[in-house]
Structures are given as C-alpha cells and as structure tokens.
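In: Pasting the sequence and the predicted model now:
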Amino acid sequence: MGQASADLLESSGHTEGIKPGWLRQTMTSNIVGTTRPQTDESAARQSIACKECSKTRVVKKRLPQGWKRLDDTYFCPDCWRNRYVLRAVVFAVAGPLNLSWQDLRSALKTLSAETTRASNWMVKELALVDVPRDPSLARIPKMPRTYLYPEARKQFPTLPSQTVAALEQAVTRTYKSKGYQIVWTCKAALPTFRYPQPVPIHNQSWTATLENDRPVVTVRLGSVRSGLRLKGGPRYHRQLSAFHLIVSGEAIQGECSIYERGSDVFVKLVAWLPRRSSANKPSGLLRVRSHADALLVAANAKDERLWSYHADQIGRWVAEHRRMLQHWADDSKFEQRPVPSFAARRPQASLRYHRRMNTAADQAALLLSDTRSGASLRR
Ligand SMILES: [Zn+2]
C-alpha cells in the first residue's frame, strides 16, 4: 500500500503532470553537466585520462561527450556508468523551517511564473535563430550556435544566474531534440512550457542534511533561503536511502526542483547514486516478523524496531470474511430450500477475499524487498 502510493507520487508528481514526456530525459540527464563545469580553462587542450581504465582523450574546450569530472579526476562514459546510476527522488514537503507556508508559496509562485516565462522566451529565440527550410536545400542545415544567457539575464532579473544557465541548457536540448520535426518535416509545433514549471535549483545551491534524523533540504528561493523539512517514514524508504547517500557524499548531487501540485509542495532531487558492486553489497541482518498490531515489523541486529507495516485493512478483511461465513453457516440451518438463497454469493465472496489477500501479500513482499536494500544502505 505504502509502496504503491509512493510510486504514484513519483510518476504523477513529476514526469506526467508537469512537463511533456520528452522533457524528462533532458531535465534528468542535466546533472553532472551543470554540476561540474564542463569547461575548464586550465585543462584547455590538455590530455585527460580516465581514472579507471586510463583511456585518454584530448580536451579542447569542454569535456568530450559523456565524460565526467569528479573533483580532479575524469571518467570515461563507460566507467562512469559502471560506477553511478542516475536517479530522481520526489519528496513531499512537510513544512518550511524558517518561512511561513504563505511566504514559501508566494516565493514559489513568482519563481515558477518566471521560469515558465523564461523557458517559453528561450524557445522562441531559438526558433528565430534557426534556419527555416528552403526548397533549394537538400538537407537540414546545422543550427547556428546560440548563447541566450546574457539577454535572458536582462529579461528575467529575478531568476538566479545558475537557474538561467540551467534553463538555457535544458530548453536548448529540448528544442534541438525536436528541431528536425519543427524546421524540416514541420510535423511538430514549437514546444510550450505550461505554467507552473518546476523551479530548478542548481546543484551547488541546495544542501541535504538530517536534522533529528529527519530529511531537510536547504534551498535559496529568490531572495530567501530556507530549510524545507521533507516527509519521511516507511512510505519514503526508497527516497530516504537515496537521501542518505546524498548526505553522506557517496552520491553526487544534481539539480533539485521544487513545484506545487494541488495543496502540496514537492521537491525532486536528482543524483548519481553509486552502483552497488560486489565490494559494497548490502550486508547485515534485517529481522522481520509479525506482531499483534502490525503485519510486518522490521528490526536491526540489536532488535531495535526500524519500521512497522500495519496494513490494518487486512485484519478487517479477515474478520469480515469470517463473520460472513459464520452467518451463512448459521442461516443455512434455517433455510427451507435444499439450496440456500445465498448459495451463489458464498463462493463469490470467497474468491474476492482470496484475491484481495493475494494482492496484499504481494504488496507486502514488494515493500519488504525494496526496504531490504533501503534499510541496509542506511546501516
Ligand atoms: Zn574508463
């Protein structure tokens, strides 16, 4: 149950609701590119070597495609992907720490409106620069290089500079991915960014911390800086294990984005999480048992309770089903006919009951198998 709703949140909260599906990839693959500056003056026209496999490349101005830089070391695309996996986790905000909800919402509204406006402005600028299709052309010409940042800064002064830079990258990528259909085949219209767009926070402009074991993300929103307490608990165990890796520095944090959906505010964190190799496979023992008031209770080696999964509905279903069967058994003694009037309903009710229980068992097993990795990661 808990697992299902957390998944739901993640998909509806981000990928479908907010922006067109094709943007998803652009937004999430953005991270390390923006986090570690790709252009490095000191490394201009130098040779770099992959830390793992020693493959070398000559760097002109920016890192070759797919190469990543981590502090002073470099990784080729293959070695990077062997080490890290890109993940996004979504949390609901439980409350702002040094702001009122009202101030948080109003800051978000302003920034979200500006983000939407800036994204749409950028798309139009890109379309203006792009070469229109000409009957004399045999193939699509290369799109001229663009640099919208300086003008965008002037037009949208309330957006932080890093947000503008991140937006330009994301919007340009989006435009280019559709450029062929827009300019050449005319099968696609210019993308429109609908309000409210999530507010992107550059990877160096947010921090993840634990305060009294509760996850907190501190961000700068326009002129204000605030901690946001995030919702935790067993429902978020998957997100929490990623969060712990970000806090400990084992994961490399990427962009964060904040958005409002209905009455809730959500924070989406993107990070490269370390792949678990055989060397750091989860170890330790998670003891899980049933308890009078919970279907599953997990404890660590010291027998401290880590989490409980109550699933109270299952107890209710069992009691209800037993009661129904007992009533039918009682009533059949008083039925005059050889086949009681409720004969058809009895097997139907049993079938429904068994299906329900199977689903509940599957969900509990899924929760447990997911938690196993989460709990061990938290150590
Ligand atoms: Zn390598």
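Out: Yes, it's here. Residues are numbered from 1 along each chain as shown.
In: Could I get the full set of helices for the stretch 201-350 of the chain?
Out: For the stretch 201-350 of the chain, applying DSSP state H, counting those that start in this stretch gives helices covering 237-248, 312-332, 345-378.
In: can I have the second one written out in CSV, keeping just the CAs?
Out: It refers to helix 312-332. Listed next in CSV are the C-alpha coordinates belonging to helix 312-332 (Å, rounded to 0.1, in the frame of the first residue of the first chain):
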residue,chain,number,x,y,z
ASP,A,312,-4.8,-2.8,9.3
GLN,A,313,-7.2,-3.3,6.4
ILE,A,314,-6.1,-7.0,6.2
GLY,A,315,-7.2,-7.7,9.8
ARG,A,316,-10.5,-6.1,9.0
TRP,A,317,-11.0,-8.2,5.8
VAL,A,318,-10.2,-11.4,7.7
ALA,A,319,-12.7,-10.6,10.5
GLU,A,320,-15.4,-9.5,8.0
HIS,A,321,-15.0,-12.6,5.9
ARG,A,322,-15.1,-15.0,8.9
ARG,A,323,-18.2,-13.2,10.2
MET,A,324,-19.9,-13.5,6.8
LEU,A,325,-19.1,-17.3,6.6
GLN,A,326,-20.4,-17.8,10.1
HIS,A,327,-23.6,-16.0,9.4
TRP,A,328,-24.2,-18.0,6.2
ALA,A,329,-23.5,-21.2,8.1
ASP,A,330,-26.0,-20.2,10.8
ASP,A,331,-28.6,-19.2,8.3
SER,A,332,-28.4,-22.3,6.2
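In: between that helix and helix 345-378, how big is the angle?
Out: 160 degrees (axes from the mean of the first three to the mean of the last three Cα atoms, to 10 degrees).
In: before we move on, the earlier item: now for the helices of the stretch 201-350 of the chain, which one comes closest to the ion?
Out: Minimum separation from the ion across the helices of the stretch 201-350 of the chain (Cβ to the ion) falls at helix 237-248, 22.4 Å. Placement of C-beta: from N, CA and C, glycine included.
In: Near the ion, which residues of the stretch 151-300 of the chain? Just list them.
Out: Counting by Cβ under 5 Å from the ion, no position of the stretch 151-300 of the chain is adjacent to the ion.
In: Below-threshold pLDDT in the stretch 151-300 of the chain: ranges please.
Out: The stretch 151-300 of the chain contains residues with pLDDT under 70 at 277-284.
In: can you tell me the residue of it closest to the ion?
Out: Closest point on the stretch 151-300 of the chain to the ion, by Cβ to the ion, is Arg275, at 14.4 Å.
In: Burial-wise, tell me which of the helices of the stretch 201-350 of the chain comes out on top.
Out: Among the helices of the stretch 201-350 of the chain, helix 237-248 has the highest mean neighbour count (mean count of other Cβ atoms under 10 Å), at a mean of 21.
In: what about that helix, distance to the chain center?
Out: 12 Å (Cα atoms, centre = their mean, to the nearest Å).
In: how far off helix 345-378 does that helix point, in degrees?
Out: 10 degrees.
In: other SSEs contacting helix 237-248?
Out: Identification of packing neighbours for helix 237-248 by 3 or more Cβ pairs under 8 Å, 6 or more residues apart in numbering; DSSP states H and E yields strand 84-96, strand 206-211, strand 264-274, helix 345-378.
In: possible to save the ones you listed as JSON lines with distance to Ser54?
Out: Listed next are the helices and strands packed on helix 237-248 as JSON lines, based on distance: least, Cβ to Cβ, whole Å:
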{"stretch": "strand 84-96", "distance to Ser54": "19"}
{"stretch": "strand 206-211", "distance to Ser54": "33"}
{"stretch": "strand 264-274", "distance to Ser54": "21"}
{"stretch": "helix 345-378", "distance to Ser54": "30"}
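In: Val339 is nearest to which of those?
Out: Relative to Val339, the nearest member of those by Cβ to Cβ is helix 345-378, separated by 10.9 Å.
In: and that closest one, what other elements does it pack with?
Out: The contact analysis (3+ Cβ pairs under 8 Å, 6+ apart) places helix 345-378 against helix 2-10, helix 237-248, strand 294-299, strand 305-309, helix 312-332.
In: Test for you: state the pLDDT assigned to the spatially most distant residue from the centre of the chain.
Out: Largest separation from the mean C-alpha position in the chain: Gln336, at 62.1 Å (Cα atoms, centre = their mean). We have a pLDDT of 71 for Gln336.
In: Backbone dihedrals for it, please?
Out: Main-chain torsions, Gln336, degrees, to the nearest 10: phi -80, psi -30.
In: switch to numbering from 140
Out: Sure, I'll start numbering at 140, so the last one becomes Gln475.
In: what ranges of the stretch 140-289 of the chain fall below the confidence cut-off?
Out: Applying pLDDT under 70 to the stretch 140-289 of the chain flags the ranges 140-183.
In: need the residues of it near the ion, please.
Out: Counting by Cβ under 5 Å from the ion, the stretch 140-289 of the chain sits next to the ion at Cys189, Glu191, Cys192, Lys194, Cys215, Cys218.
In: which of the residues you listed has the most neighbours?
Out: Counting neighbours by other Cβ atoms under 10 Å, Cys215 leads these with 22 neighbours.
In: List phi and psi for that one.
Out: Torsion angles at Cys215 (phi, psi; degrees, to the nearest 10) stand at phi -80, psi 160.
In: who's in contact with the closest residue to it other than its chain neighbours?
Out: If the residues on either side of it in the chain are set aside, Cys215 comes closest to Cys189, at 4.0 Å by Cβ to Cβ, 6 or more residues apart in numbering. When contacts are counted by Cβ atoms under 8 Å, 6 or more residues apart in numbering, Cys189 touches Thr195, Trp206, Tyr213, Phe214, Cys215, Cys218.
In: Which segments of the protein make up each domain?
Out: What automatic domain parsing lists as the domains of the chain is 140-163+224-420, 426-517.
In: Give me whichever of those is most buried.
Out: Of those, the one with the most neighbours on average (mean count of other Cβ under 10 Å) is domain 140-163+224-420, at a mean of 17.
In: Lovely, talk soon.
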